[in-house]
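1. how does the following fold in three dimensions:
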Amino acid sequence: MEGAEARALDLDETFLAAEGLEITHAPDGCVVYDASREKVHYLNPTAGIVYELCDGANSLRAMSVFLAQAYGLDQDPVEATRDCLATLIAEGLVRPCTKSSAEA
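-> Got it, this is the predicted structure:
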């Protein structure tokens, strides 16, 4: 998590899923295959939701609110969402996006 630890993820920051990944949905989450690195990632259901929300439009804050509603939580799981995103970034599955990359 070098990059994620070096820089805290902002609540209003948005994220994009990496290109060229193959996603297979399963009852217990999803499997993401990165052919360029010949690596398979197994995401639990919550990580799968966070990954799917990385479309350049959803902020960390919005993802946290979505998860709270989806799981019927009293509070938004901001830190858990931040940790999940940091792991997805460290694994090369998503990246923080700039306005120009979200518009592309």
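2. next, the buried residues of the helix or strand residue 83 falls within.
-> Using DSSP states H and E, residue 83 falls within helix 78-90. Buried residues in helix 78-90, counted by 16 or more other Cβ atoms under 10 Å: 78, 81, 82, 84, 85, 86, 87, 88, 89. (C-beta placed from N, C-alpha, C; glycine too.)
3. out of those residues, who's nearest residue 38?
-> Checking the buried residues of helix 78-90 against residue 38 with Cβ to Cβ, the nearest one is residue 88 at 18.5 Å.
4. partners of the closest residue to that closest one other than its chain neighbours in the sheet?
-> Counting by Cβ to Cβ, 6 or more residues apart in numbering, the nearest residue to residue 88 once its immediate chain neighbours are dropped is residue 94, at 4.5 Å. For residue 94, the beta-bridge partners are residue 17 (DSSP bridges).
5. please begin residue numbering at 875 from this point
-> Taking 875 as the first residue, the last one we looked at is residue 968.
6. phi and psi next, for the residue of the chain most remote from its centre.
-> Distance from the C-alpha centroid of the chain peaks at residue 948, with 21.7 Å (Cα atoms, centre = their mean). Note on residue 948: its backbone torsions stand at phi -70, psi -30 [degrees, to the nearest 10].
7. list the contacts for it?
-> residue 942 (Cβ atoms under 8 Å, 6 or more residues apart in numbering).
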